[in-house]
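Student: Sequence unavailable; structure follows:
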């Protein structure tokens with residue numbers, strides 16, 4: 001395991017403390033979330049099941065014999081655990097590098113506690129160095145791109161990628177997101193926009209940041 005991988009695993013391990021007996025756990029997508037899924041397998045008999053934020057995570061959960069449940073039938077979840085591409089000390093996040101941002105945002109919104117797990121390299125003062133992913137209805141691609149240009153961003157189509165919802169992703173470069181709540185709201189208003197990869201209106205409740213000296217907890 002690389003150093004970064006070790007840190008991701010350490011953050012994932014720290015998140016296990018938030019899992020309680022009988023819970024249905026919301027689970028994110030990506031390399032750090034995968035560590036959490038693999039660790040969750042060790043206590044699968046103690047939980048009722050999981051809700052996955054992507055087909056990939058659902059497959060991984062089932063592979064471990066963890067029951068994957070439908071969010072429509074579970075109601076509000078007590079816990080959601082997921083990674084991030086960028087995180088500030090205000091627990092505002094950029095997500096969607098793996099393209100699962102819409103389902104991630106839905107599960108996060110439907111959860112009482114959102115625990116974000118990341119290695120220290122993901123912590124930033126201002127969001128925006130990592131290109132911001134936005135999920136867009138295909139017919140709105142050029143319209144949304146023109147609107148984003150007006151806001152100062154440089155949108156680029158993620159080539160050869162279709163989301164689990166059948167949509168496209170634009171990765172927005174050069175957007176300095178100094179007011180994440182405001183930017184999220186503004187982008188949300190664009191017709192044809194499905195989901196914005198800024199998680200600020202509903203930020204993480206807990207951020208577990210793993211570094212060489214262990215895991216720091218930000219609330």
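Tutor: Good, I have the coordinates. Predicted, not measured: the structure shown is a model, and the values here were computed from it.

Student: Do a quick rundown of the strands in this protein.
Tutor: Ranges of strands within the chain are 24-27, 49-52, 77-82, 86-87, 93-94, 111-119, 132-136, 154-157, 168-173, 193-196, 198-199, 206-211, 214-218, based on DSSP state E.

Student: Nearest to residue 180 among those would be which one?
Tutor: strand 198-199 (5.2 Å; C-beta to C-beta). Every residue, glycine included, has its C-beta placed from N, CA and C.

Student: what about that closest one, distance to the chain center?
Tutor: 9 Å (C-alpha atoms, centre = their mean, to the nearest Å).

Student: which strands and helices sit next to that strand?
Tutor: Secondary-structure packing of strand 198-199 (3 or more C-beta pairs under 8 Å, 6 or more residues apart in numbering; DSSP states H and E): strand 93-94, helix 180-188.

Student: Deepest-packed of those, please.
Tutor: For the helices and strands packed on strand 198-199, average neighbour numbers computed from mean count of other C-beta atoms under 10 Å are highest in strand 93-94, which has a mean of 28.

Student: you'd agree residue 79 is up against residue 19?
Tutor: Yes: Residue 79 is within contact range of residue 19, at 6.6 Å (criterion: C-beta atoms under 8 Å).

Student: Quickly list what's touching both of the two.
Tutor: residue 25 (C-beta atoms under 8 Å, 6 or more residues apart in numbering).

Student: the more surrounded of these two?
Tutor: residue 79 (22 against 18; other C-beta atoms under 10 Å).

Student: so who does that one touch?
Tutor: With C-beta under 8 Å, 6+ apart, residue 79 has these contacts: 18, 19, 20, 23, 25, 26, 111, 112, 113, 115.

Student: re earlier: kindly reformat the helices and strands packed on strand 198-199 as JSON lines containing distance to residue 155 and mean pLDDT.
Tutor: Below are the helices and strands packed on strand 198-199 laid out as JSON lines (distance: least, C-beta to C-beta, whole Å; pLDDT from 0 to 100):
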{"stretch": "strand 93-94", "distance to residue 155": "15", "mean pLDDT": "98"}
{"stretch": "helix 180-188", "distance to residue 155": "11", "mean pLDDT": "98"}
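
Student: Residue 136: which of these is closest?
Tutor: Judging the helices and strands packed on strand 198-199 by C-beta to C-beta, what sits closest to residue 136 is helix 180-188, at 10.4 Å.

Student: on contacts alone, who are the packing partners of that closest one?
Tutor: Using 3+ C-beta pairs under 8 Å, 6+ apart, the elements in contact with helix 180-188 are strand 193-196, strand 198-199.
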